[in-house]
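K.L.:
need a structure here:
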Amino acid sequence: MIFDGIILSSCGKNAGFDGVQRIKGMFVYLSVFLIISFLFVFSAAEKCKPVIKIMVYIVATTILTLVSGLRYMVGTDYKHYMVLYSDYIENFSIFSQPALSVFAKLSSFIYNDYATWFLIMALITVIPVIVMVVKRNQSIELCILLYVLLGCWHFSFNIVKQSVAATILFCGFSFLRDRKFWHWCLFCMIAATFHVSAVLMIPIYFLADGKIDKRRIIMLVMFALIIRIFYDKLFILIAFMKRGEGLVDANSSTVTQSVNLLRIVVNCMPVAVYAFFRKTYKNIENADFFCLFNLSLLNAVLNIASMNSIYLNRICTYTNIFNILFIPMIFPSLKPEYEKIKPIVMTAYTMVLVFYFVFWVYDLYKNPDMVNYYWIFER
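P.N.:
Below you'll find the model as predicted:
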């Protein structure tokens, strides 16, 4: 009782149970981050065997998946999906996001409960991302931590379907990089079976190739202007593509409310860091680096273009996830002749990561739908 009283008073005079629940929620999220960080520090030891590293990645993946999949009433759209679960089972349509019904039916065979569906969604959202990161074998630990800090992980609590679609597009990165158009189209179409807006990512094939130049910048600016000018039409297009499922009122706060400016800054930061140190990077033919840079630049442009609508800004889910691969590549790409300023660049790099951590904590704490964390066992 004394401990509860201390917590209540520390959360404010009128905080009450909400204040306690916020602390509980933040404890869950911070524990996840600290445990994973500790595991990565342990596995980073030079004498650590490869099998131990693999076990660490499996444990980290399991933690992220279970915290996501075993939540209850966490996320802005949780109630929406909970209500639609039965509809997904009963009303299968091959023309309207059929994967949702497929996995709902699978869930009903395993254990007919919406909680099973959420766990399956968590499995197919988190695991493929970690597997791809591990297969690339480049800054694995940092990429996984960025998956958390950039919001890709906890955004999936809010927008389940789009997050699965984003994971599928993320796994198709090699086809985007290697200029395999039809393979990329296939991944976009598979992603569209979870959220139909993924088909809008097909054109990014033409924006993610080659080195950055003035022509590409002009194309991206024009792309942003088109989104700004045809804002209303784009909303109608997305609503039409969804064929009535989960439509959002054009006058609702989700559509009309502007995105937090700090979130826009966070999404633009990787490009800003590159621009600031642009002269220090190697001028080499690195397909990964330039493709990821173009995707990061596109993400920044899309965030600026859609900053007046939280709903339209969700499209950035598809591009932001690629930053977990791009950010770790920024520092290793320094030219040898710039070795003297490595400490300066490393300091800036560290400050960026600290900023991401602070924003991550702030973004969780300010959102009652996220911070009031309950386990499914508490329902």
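
K.L.:
For the strand or helix carrying Arg263, list every residue counted as buried.
P.N.:
Assigned by DSSP states H and E, Arg263 belongs to helix 261-276. Of all the residues in helix 261-276, those buried under the rule 16 or more other Cβ atoms under 10 Å are 263-264, 266-271, 273-274. Glycine gets a C-beta too; all of them are placed from N, C-alpha and C.

K.L.:
Against Ala60, how distant is the closest residue to Lys53 other than its chain neighbours?
P.N.:
In this structure, Lys53 finds its nearest non-sequential neighbour in Ser43, 4.8 Å apart by Cβ to Cβ, 6 or more residues apart in numbering. Distance, Ser43 to Ala60, by Cβ to Cβ, to the nearest Å: 9 Å.

K.L.:
Tell me which of these two has more neighbours.
P.N.:
The neighbour comparison of Ser43 against Ala60 (other Cβ atoms under 10 Å) goes to Ala60, with 25 against 20.

K.L.:
helix, strand or coil for the more buried one?
P.N.:
helix (DSSP: H, G, I helix; E, B strand; the rest coil).

K.L.:
quick one, longest helix in the chain?
P.N.:
Counting residues, the longest helix in the chain under DSSP state H turns out to be helix 16-43.

K.L.:
give me the low-pLDDT residue ranges for the protein?
P.N.:
1-18, 45-47, 93-95, 210-213, 227-256, 279-285, 332-342, 345 (pLDDT under 70).

K.L.:
any idea how far the residue nearest the centre of it lies from Met222?
P.N.:
The geometric centre of the chain, computed from its C-alpha atoms, lies nearest to Cys152 (Cα atoms, centre = their mean), at 2.0 Å. Distance of Cys152 to Met222, computed by Cβ to Cβ: 28 Å.

K.L.:
try Tyr88
P.N.:
Counting by Cβ to Cβ - Tyr88 and Met222 are separated by 39 Å.

K.L.:
Looking at those two, which one has more neighbours?
P.N.:
Tyr88 (23 against 11).

K.L.:
Grab the nearest non-local neighbour of that one.
P.N.:
Ala104 (3.6 Å).

K.L.:
what about Ile130, which helix or strand?
P.N.:
Counting by DSSP H and E, Ile130 is part of helix 114-136.

K.L.:
which strands and helices sit next to that helix?
P.N.:
The contact analysis (3 or more Cβ pairs under 8 Å, 6 or more residues apart in numbering; DSSP states H and E) places helix 114-136 against helix 50-69, helix 78-90, helix 98-111, helix 140-149, helix 152-158, helix 160-171, helix 323-330.
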